[in-house]
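A.B. asks: just the structure for this:
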Amino acid sequence: MRTRLDSWMHRTNDPLLKGPVPVPPGAKVNPMDGTSPTEPVIGF
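C.D. replies: Numbers count the residues shown, from 1 in each chain. As a prediction, this is how the structure comes out:
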């Protein structure tokens with residue numbers, strides 16, 4: 001499965017291959033160490 005994902009990411013030029021995607025200004029995200037999507041969000 002990992003090989004298929006890696007191959008697909010390269011074929012589609014996935015931006016994650018270049019590293020983390022930055023959070024856009026004004027976005028609200030869940031904490032990286034969160035355990036549930038219902039936890040309070042962090043604003044950027």
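A.B. asks: C-alpha only now, for contacts and for neighbours.
C.D. replies: OK.
A.B. asks: what segments of this structure are helices?
C.D. replies: Assigned by DSSP state H, the helices in the chain fall at 2-11.
A.B. asks: lowest-pLDDT helix or strand in it?
C.D. replies: Every helix and strand in the chain was compared by mean pLDDT, DSSP states H and E; the lowest is strand 42-43, with a mean of 85.
A.B. asks: burial check on Ala27, number of neighbours?
C.D. replies: The number of residues packed near Ala27 is 10, by other Cα atoms under 10 Å.
A.B. asks: check contacts around it.
C.D. replies: Gly43, Phe44 (Cα atoms under 8 Å, 6 or more residues apart in numbering).
A.B. asks: return the distance of it relative to Ile42.
C.D. replies: Per Cα to Cα, to the nearest Å, Ala27 is found 8 Å from Ile42.
A.B. asks: now Leu5
C.D. replies: 30 Å.
A.B. asks: do Gly19 as well
C.D. replies: Taken as Cα to Cα, the span from Gly19 to Ile42 is 21 Å.
A.B. asks: check Gly26 too.
C.D. replies: 10 Å.
A.B. asks: same thing with Val21?
C.D. replies: Val21 is 16 Å from Ile42, by Cα to Cα.
A.B. asks: returning to that earlier point: what's next to the least confident helix or strand of the chain, contact-wise?
C.D. replies: Residues contacting strand 42-43 (Cα under 8 Å, 6+ apart): Gly26, Ala27, Lys28, Val29, Asn30, Pro31.
A.B. asks: quick one: pLDDT of Pro37?
C.D. replies: For Pro37, the pLDDT comes out at 87.
A.B. asks: what's the nearest residue to it if we skip its chain neighbours?
C.D. replies: Sequence neighbours aside, Asn30 is the residue nearest to Pro37 in space, at 6.6 Å (criterion: Cα to Cα, 6 or more residues apart in numbering).
A.B. asks: ok, the one you found - contacts?
C.D. replies: Asn30 neighbours (Cα under 8 Å, 6+ apart): Pro37, Glu39, Pro40, Val41, Ile42.
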